[in-house]
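Pasting the sequence and the predicted model now:
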Amino acid sequence: MDTTPDLLSLRIVRAISEHGTISEAARALGYSQPALSQHLTRTQTRIGLALVIRSGRGVRLTEAGRALASHAVTVLNAVDAASAELSELAGLSSGTVRIAAFPTASSTLIPRLIRQLRQQHPHLTVNYVEAEPPQALQLLRDGAADVAITFSYPEDRADPHLSRDGGHTTVPLFTEPVVLVLPDTHPLSSADSVGLADLADDAWIAGCTLCRGHLLALCNIEGFAPEIGLETDNALAVLSFVSRGLGVALLPQLALSSLTLPEGVSIHAPQPASERTIQYVIQPGATRIPSVATTIATLTALGGAAWGLRDYPESERTAR
């Protein structure tokens, strides 16, 4: 004997309690009277108890029916509330998305992304944490972030995206130029482009671990090892060091987009040319989550031109 009631039986006994007849209960629930009667009969057979008995021209609930009806209000209210919440999530009336991104995105891409999300989806909660790509990917693997916005350099053997530990989906968004920053007193400060090999004897300022690795790789191609005396991932500090003649540096375009160049600094195209890819990373299948799908669509729609980035062609924006 199975005495577990199904949701329709709960709705039926509640409707009978409220309306007094099976025909009125069927009308209220949107069923035909025969269909509702048949379901009620099957339920009574399955649980081994009568739920209704005839009473004049109508029916009344038995003790078992009254017991079921007494719980129906609480159960059905909870089910309806859950259904409404799921509907809101599906329509993105509510929900939460957790974003992690690297520092130079914090002052450029991220403020505009969050503003757009909050304006277009006011009931969507957006949480943000700043993290370099290795840490952002770890947050994603740990389930502490839903969308990681990261960067990577070409041919980087230490690229953290190459590790598929736990699995993730990477989709390129923008190509970001890397520029060379010199003191304006430098002998090459008047040139539009500067060969890195011509800076082999200069002091260098390095950035984060990935940026430092990229600098070392480029200089190695040019046949020298840079003398790195200062290291910081703070772009404003890099510019301040350079303006005071303390070294030369490579900086990504985004680092310049939100800053006012201090006096004493000149910007150049490095030779060989350098760039990096900005991408978003998610767990496989995460686009089925409405808040994640909406965040990705909004991020993609931002475009990168405002910050000197080149949008990846749609045909090349494939998951890796």
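That came in fine, so what should we check first?

Can you point out the buried residues in whichever strand or helix holds Arg276?
According to DSSP states H and E, Arg276 maps onto strand 275-282. Within strand 275-282, the residues that count as buried by 16 or more other CB atoms under 10 Å are 276-282. Backbone N, C-alpha and C define where each C-beta goes, glycine included.

Ok, stretch 133-145 next?
The neighbour-count check on stretch 133-145 (16+ other CB under 10 Å) flags 133-141, 145 as buried.

tell me which of these is nearest to His214?
Ranked by distance to His214 (CB to CB), the buried residues of stretch 133-145 are led by Pro133 at 12.1 Å.

Can you verify my assumption that that closest one contacts Tyr153?
No - with contact taken as CB atoms under 8 Å, Pro133 and Tyr153 are classed as non-touching, separated by 10.3 Å.

pLDDT below threshold where in the stretch 1-150 of the chain?
Filtered on pLDDT under 70, the stretch 1-150 of the chain yields the residue ranges 1, 84, 87-94.

For it, which segments count as strands?
52-55, 58-61, 95-101, 124-130, 147-152 (DSSP state E, counting those that start in this stretch).

before we move on, what about the stretch 201-320 of the chain?
Ranges of strands in the stretch 201-320 of the chain, per DSSP E, counting those that start in this stretch, are 203-206, 227-231, 248-252, 265-271, 275-282, 310-311.

quick revisit: which other helices and strands does the strand holding Arg276 contact?
Applying 3 or more CB pairs under 8 Å, 6 or more residues apart in numbering; DSSP states H and E, one finds that strand 275-282 contacts helix 133-141, strand 147-152, strand 169-183, helix 290-302.

let's see 6 Å
With contacts taken as 3 or more CB pairs under 6 Å, 6 or more residues apart in numbering; DSSP states H and E, strand 275-282 sits against strand 147-152, strand 169-183.

now for the following helix or strand past the longest one, which elements pack on it?
Per DSSP H and E, strand 169-183 leads on to strand 193-195 as the next helix or strand towards the C-terminus. Helices and strands in packing contact with strand 193-195 are listed as strand 265-271; criterion 3+ CB pairs under 6 Å, 6+ apart.

and the strand it packs on, which strands flank it?
strand 169-183 (antiparallel), strand 193-195 (parallel) (DSSP bridges).

Now that strand: average pLDDT?
Across strand 265-271, pLDDT averages out at 96.

contacting residues around that strand?
The contact list for strand 265-271 (CB atoms under 6 Å, 6 or more residues apart in numbering) reads 179-180, 182, 184, 189, 193-196, 239, 242-243.

re the thing from before, out of the buried residues of strand 275-282, flag the one nearest to Ala25.
Distances from Ala25 to those, taken by CB to CB, are shortest for Ile282, at 47.3 Å.
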